[in-house]
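Undergrad: I need the structure of the sequence given here:
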Amino acid sequence: MPNANLAEIKEKLTALHESDYKQLEVIFSESPRLIVEAPAGYGKTKTMISRIAYLFVSGRIPNPKRILGLTFSVNAALKVKREVAEKLPSLLGSQNSPVALGEKVMVTNYHGFCKGILKKYGYLVADALRKDINLFRAIGDSEIEKIPNLKTALSVQELEHLKAVETAIKEARIPDSQTTHSYNDIVIKKLMPLDYITHNAVILLVLEIFERFSEVKKFYQNYYPLIVVDEFQDTNCIAWSLLEAVVSDQTQLVFLGDPLQRIYGFIGALPDIMTTAAEKYAMTTVALSKNYRFRNNPEMLKLDRNIRANAASCFAPTIQTDEIAKLPAFWGATQQAEAEQVVVKVQEISSGGTDKIAILFRGRGRNAEIVENELSNKQVEYFYGMFTDDDADYVDFHNKCQELFIRRFGNSKTINRKSLTAFSGSVKTAYASSSGKTVDSLLRLLDAIIEKVSVDYADLVSEDKYSLLLDIFENRQLKQAMEYVNSQVILSTVHGAKGLEWDYVFLADIERWVFPGYYTCNNCPNKFFSSNNCRCLLPNPLPSDFKETALDELSVFYVGVTRARKQVFASASATRLDFNSNEKSSIFSCMASITGVQLVKG
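TA: Purely as a prediction, here's the structure:
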């Protein structure tokens, strides 16, 4: 591009980003490899798209090659893909159509990327993969023994081998090549003939192809001169191995993430992965510095900044008095009194308005049920989203949806509103005799995502719709459709709410032994610290073996706080119910008493 046009684009991007020097540092950097610390609300997606635009106009993406964008769900990938298609043409000029740009930028999740490879080259390792990979039902390794024909097809040793690999991945231990080959061999010989494949095998089979057929790996290394990864902090060990395989010496990289939002360590997210990547690939690190979500909300801006300061300093930040954030809080003498105050405030916010509200909990339990009952008693309509990925009803529902979806669309893949409505009807028929709030909620989520695909995503080609819905069912992601549910009030866990946003958020039961949970508090060296508020993180330095645990809990708290667009509230009570429903005395937890945070009780 001529220098004059490039200068014009740079001027346009500078104005678009309001001269945010950190965002512009990312966009205009001459470094081929960037790792960007991008908290929620700091303009991550906007910056990422502008970086791609700048690389296009500066000639650093040669024709006919493509950009590979990776996320952790097809839903997230689809949002990024649509933003790229909508915004890149306006940045690059009318001669660049959304269709043309869509062909240049491939955005998918790790499994979607691997499935594309298996469609082309899967036959190299398994004849069964001459069939469309999407026609196999994807399951977790630990689910196999619950499916009679699979359990009988595998020996005890084979089943234990698959489960051992799953455990290793969850513990962030990368399987060696021999273990991977043995794992894949079992899947190929025992599961694929029955039209099943495991989630892990989708990636592990690609890793084996790359190891055995270097020319295939080189093709993908050359085909994608730029790789962009979103939510990089949640990368697990086999996804990291996949990235290592497709990155060559010439590959340009942009990894975006926020270490403070790494809350999936318990299912395999690698610790310190952003630091590891920065060192391995000599990446330039840039931390975005302006929070645009709270730019007109001084107290929330302070809260965001002060929580991050505690994380950066291991709970020993220097914060001036006038920079202390006020956190509105409700305090009850009992759990019931706490619930009543929360519901009154929910009614006040929701009355006559359209603001969306979420009440989030660290986990399920009797305390959450008390809030739920109070909502029902006050006739406040709410959506129940308190399920976890491992709930039997939650798993079974996704498996049934996957089975019926493949049966309905596996061959034709002609997806429109009429066919999706018929599919939804078949799921409802399958659950006609079932009852319970989890199934009822999942049926609502299914309707919500089908409405979203039928209306807002009507312009997508059938293949994109197919990939989106199949990914949701395979990876148990219906909870992400809570943002589409027609309900003003949502009940969820913090982990279930990751990636979603509401106008107002209530973080309930911010009490010692509850949030953080029992096991964290039980390991705390100051667990019996006596005070009206738990200040176990102060003033003594934390033992080194407890620091990581405390920071993990701060990450969960921070994710909860940053689900709010306008305001977050905390609540607690002088009593709590333990695992056995015994009443115990309680106080506000250390999460609400970190340096720089002042509770303002209502």
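Undergrad: burial measure for Thr354, as a count.
TA: Per other CB atoms under 10 Å, the neighbour tally for Thr354 reads 7. Backbone N, C-alpha and C define where each C-beta goes, glycine included.
Undergrad: likewise Thr520?
TA: 21.
Undergrad: would you mind listing the residues in contact with it?
TA: Residues counted as contacts of Thr520 (CB atoms under 8 Å, 6 or more residues apart in numbering) are 549-550, 552-553.
Undergrad: what is the nearest of the residues you listed to Asp355?
TA: In terms of CB to CB, no member of the contacts of Thr520 lies closer to Asp355 than Glu553, at 28.5 Å.
Undergrad: could you list every residue that touches His111?
TA: Going by CB under 8 Å, 6+ apart, His111 touches 138, 199, 202-203, 471, 474-475.
Undergrad: once you drop chain neighbours, what's closest to Lys498?
TA: Val559 (5.9 Å; CB to CB, 6 or more residues apart in numbering).
Undergrad: just the CA trace of the helix or strand containing the one you found, in PDB.
TA: Using DSSP states H and E, Val559 falls within helix 544-561. Once non-C-alpha atoms are left out, helix 544-561 reads as follows in PDB (Å, rounded to 0.1, in the frame of the first residue of the first chain):
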ATOM      1  CA  SER A 544       4.500 -19.300  49.800                       C
ATOM      2  CA  ASP A 545       2.500 -22.500  49.600                       C
ATOM      3  CA  PHE A 546      -0.800 -20.600  50.200                       C
ATOM      4  CA  LYS A 547      -0.200 -17.600  47.900                       C
ATOM      5  CA  GLU A 548      -1.200 -19.400  44.700                       C
ATOM      6  CA  THR A 549      -4.400 -20.700  46.300                       C
ATOM      7  CA  ALA A 550      -5.300 -17.200  47.500                       C
ATOM      8  CA  LEU A 551      -4.600 -15.700  44.100                       C
ATOM      9  CA  ASP A 552      -6.800 -18.400  42.500                       C
ATOM     10  CA  GLU A 553      -9.700 -17.400  44.700                       C
ATOM     11  CA  LEU A 554      -9.100 -13.700  43.900                       C
ATOM     12  CA  SER A 555      -9.300 -14.600  40.200                       C
ATOM     13  CA  VAL A 556     -12.800 -16.100  40.800                       C
ATOM     14  CA  PHE A 557     -13.900 -13.000  42.800                       C
ATOM     15  CA  TYR A 558     -12.500 -10.700  40.000                       C
ATOM     16  CA  VAL A 559     -14.400 -12.700  37.300                       C
ATOM     17  CA  GLY A 560     -17.600 -12.200  39.300                       C
ATOM     18  CA  VAL A 561     -17.000  -8.500  39.700                       C
END
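Undergrad: which pair in the contacts of His111 spans the largest distance?
TA: Ile203 and Asp471 (13.7 Å).
Undergrad: so where do the strands sit in the stretch 401-550 of the chain?
TA: Assigned by DSSP state E, counting those that start in this stretch, the stretch 401-550 of the chain shows strands spanning 489-493, 502-507.
Undergrad: partners of the last one, with directions?
TA: Right, strand 502-507. strand 357-361 (parallel), strand 564-573 (parallel) (DSSP bridges).
Undergrad: so what touches it?
TA: Taking CB under 8 Å, 6+ apart as the rule, strand 502-507 contacts 342, 345-346, 349, 355-360, 490, 494, 515, 557, 560-561, 563-571.
Undergrad: picking that back up, out of the contacts of His111, which are inside helices?
TA: 199, 202-203, 471, 474 (DSSP state H).
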